[in-house]
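Novice: Sequence plus predicted model, see below.
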Amino acid sequence: QVRLVESGGGLVQPGGSLRLSCKASGFTFSWYAMSWYRQAPGKERDVVAGITTTSRSTNYADSVKGRFTISRDNAQNTVYLQMNNLKPEDTAVYYCYARRVGPWGPSDAWGQGTLVTVSS
């Protein structure tokens, strides 16, 4: 069974930090490029950051560059999103997304999301 389980969301004051985790199971994690998306109330789901299978390359939305860092640990089947200097506009449900690059397995998968609220 393919599963992506996010954790680490919560309430934080502006300027604060959070670290999101996404634990994968049920597929060969190292065959999947991983991304974080977010969806604010009343808005579309947008990509925040992505990382290749070997962590060789990362990319970020302009709105989070310099503040967020995506990383992964293939031994632990986990992808992370370190979020620093959080702003109220970062408030959203954050989703983990896996896209297959390797030879077989599910084409993609989504986590259930974790809520991040930035407010004083």
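Specialist: Here it is on my side, so go on. Residues are numbered from 1 along each chain as shown.

Novice: I'd like to know how far the closest residue to Leu18 other than its chain neighbours sits from Gly9.
Specialist: Excluding the flanking residues, the one nearest Leu18 by CB to CB, 6 or more residues apart in numbering is Met83, at 5.0 Å. The C-beta positions use only the backbone N, C-alpha and C, and glycine is treated the same way. As judged by CB to CB, to the nearest Å, Met83 and Gly9 stand 10 Å apart.

Novice: Could you do Gln76 as well?
Specialist: Taking CB to CB, one finds Gln76 at 19 Å from Gly9.

Novice: higher neighbour count, the two?
Specialist: Gly9 (18 against 12; other CB atoms under 10 Å).

Novice: Quick one: residues contacting that one.
Specialist: Contact analysis of Gly9 by CB atoms under 8 Å, 6 or more residues apart in numbering lists 18, 20, 93-94, 114-116.

Novice: redo that, cut-off 10 Å
Specialist: Contact partners of Gly9, counting by CB atoms under 10 Å, 6 or more residues apart in numbering, are 18, 20-21, 83, 92-94, 113-117.

Novice: tell me the SS of the residue nearest to the spatial centre of the chain?
Specialist: In the chain, the residue lying closest to the centroid (CA atoms, centre = their mean) is Trp36, at 2.8 Å. At Trp36 the chain is in strand, as set by DSSP: H, G, I helix; E, B strand; the rest coil.

Novice: about what we covered before: wait, the residue nearest to Leu18 touches Arg19, no?
Specialist: Yes - when contacts are counted by CB atoms under 10 Å, Met83 is listed as touching Arg19 (7.1 Å).
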